[in-house]
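Participant: Would you be able to build a 3D model of this:
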Amino acid sequence: MSKNNTKSTVNGRSAAPQTKRTAARTIHLIAGGLLGLFIYAPPTFAEPLRLFLQVVVIPAAVITGMFIWKQAAIRRLLTRRHRRSI
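Facilitator: Take a look at the predicted model:
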(Lines give C-alpha, C1' and ligand atoms only; values in the text may rest on other atoms or scores of the structure.)
Protein backbone atom coordinates (compact mmCIF):
# COMPACT_ATOMS: atom_id res chain seq x y z
CA MET A 1 0.00 0.00 0.00
CA SER A 2 1.64 3.26 -1.11
CA LYS A 3 1.37 6.60 0.63
CA ASN A 4 0.30 9.69 -1.24
CA ASN A 5 1.48 12.88 0.49
CA THR A 6 -0.61 15.22 -1.64
CA LYS A 7 -3.92 13.90 -0.33
CA SER A 8 -5.25 13.35 3.15
CA THR A 9 -7.97 10.95 4.12
CA VAL A 10 -11.12 11.75 6.04
CA ASN A 11 -13.53 8.91 6.74
CA GLY A 12 -11.72 6.78 4.17
CA ARG A 13 -12.12 9.40 1.45
CA SER A 14 -9.21 11.38 0.08
CA ALA A 15 -9.37 15.14 -0.29
CA ALA A 16 -6.83 17.04 -2.37
CA PRO A 17 -5.37 20.28 -0.99
CA GLN A 18 -7.11 22.18 -3.80
CA THR A 19 -10.48 20.84 -2.65
CA LYS A 20 -9.78 21.92 0.94
CA ARG A 21 -8.68 25.35 -0.24
CA THR A 22 -11.81 25.76 -2.38
CA ALA A 23 -14.06 24.76 0.53
CA ALA A 24 -12.27 27.16 2.89
CA ARG A 25 -12.56 30.00 0.36
CA THR A 26 -16.26 29.34 -0.15
CA ILE A 27 -16.98 29.34 3.59
CA HIS A 28 -14.83 32.46 4.02
CA LEU A 29 -16.68 34.31 1.24
CA ILE A 30 -20.08 33.36 2.66
CA ALA A 31 -19.01 34.51 6.13
CA GLY A 32 -17.71 37.78 4.68
CA GLY A 33 -20.97 38.31 2.83
CA LEU A 34 -22.98 37.76 6.00
CA LEU A 35 -20.76 40.20 7.90
CA GLY A 36 -21.25 42.77 5.14
CA LEU A 37 -24.99 42.21 5.26
CA PHE A 38 -24.94 42.78 9.01
CA ILE A 39 -22.94 46.00 8.70
CA TYR A 40 -24.96 47.56 5.87
CA ALA A 41 -28.44 46.24 6.69
CA PRO A 42 -30.96 48.32 8.61
CA PRO A 43 -30.73 47.75 12.38
CA THR A 44 -34.21 46.18 12.54
CA PHE A 45 -33.10 43.50 10.06
CA ALA A 46 -29.60 42.98 11.48
CA GLU A 47 -30.41 42.72 15.19
CA PRO A 48 -31.81 39.14 15.09
CA LEU A 49 -28.62 38.01 13.29
CA ARG A 50 -26.27 39.38 15.97
CA LEU A 51 -25.94 36.21 18.11
CA PHE A 52 -25.55 33.95 15.06
CA LEU A 53 -22.81 36.19 13.72
CA GLN A 54 -20.98 36.34 17.06
CA VAL A 55 -21.11 32.61 17.71
CA VAL A 56 -20.86 31.05 14.24
CA VAL A 57 -19.92 33.43 11.43
CA ILE A 58 -17.06 35.40 12.96
CA PRO A 59 -15.24 32.30 14.30
CA ALA A 60 -15.75 30.56 10.93
CA ALA A 61 -14.33 33.56 9.09
CA VAL A 62 -11.30 33.69 11.39
CA ILE A 63 -10.60 29.94 11.18
CA THR A 64 -10.98 29.75 7.41
CA GLY A 65 -8.92 32.91 6.97
CA MET A 66 -6.10 31.44 9.04
CA PHE A 67 -6.34 28.18 7.09
CA ILE A 68 -6.19 29.99 3.74
CA TRP A 69 -3.26 32.11 4.94
CA LYS A 70 -1.21 29.31 6.53
CA GLN A 71 -2.36 26.20 4.68
CA ALA A 72 1.12 25.08 3.65
CA ALA A 73 2.50 25.45 7.18
CA ILE A 74 -0.48 23.58 8.67
CA ARG A 75 -0.05 20.76 6.16
CA ARG A 76 3.70 20.49 6.93
CA LEU A 77 3.01 20.43 10.67
CA LEU A 78 0.37 17.71 10.35
CA THR A 79 2.46 15.53 8.04
CA ARG A 80 5.47 15.90 10.34
CA ARG A 81 3.39 14.80 13.34
CA HIS A 82 1.94 11.91 11.34
CA ARG A 83 5.41 10.71 10.34
CA ARG A 84 6.63 10.84 13.96
CA SER A 85 3.71 8.78 15.22
CA ILE A 86 4.30 5.96 12.73
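Participant: Off-centre distance for the lengthiest helix in the chain?
Facilitator: Under DSSP state H, the helix in the chain containing the largest number of residues is helix 17-40. Computed by CA atoms, centre = their mean, to the nearest Å, the chain-centroid distance of helix 17-40 equals 8 Å.
Participant: Could you list every helix and strand that the helix or strand following that helix packs against?
Facilitator: Downstream of helix 17-40, the first helix or strand assigned by DSSP states H and E is helix 43-46. Judged by 3 or more CB pairs under 8 Å, 6 or more residues apart in numbering; DSSP states H and E, helix 43-46 is in contact with helix 17-40. To be clear about C-beta, it is placed using only N, CA and C from the backbone, and glycine gets the same treatment.
Participant: circling back to that earlier point, can you give me the buried ones in the longest helix of the chain?
Facilitator: For helix 17-40, a neighbour-count test (16 or more other CB atoms under 10 Å) marks 20, 24, 27, 28, 31, 34, 38 as buried.
Participant: and for that helix, what are the contacting residues?
Facilitator: Outside helix 17-40, the residues within contact range by CB atoms under 8 Å, 6 or more residues apart in numbering are 6-7, 46, 49-50, 53, 57-58, 60-61, 64-65, 67-68, 71, 75.
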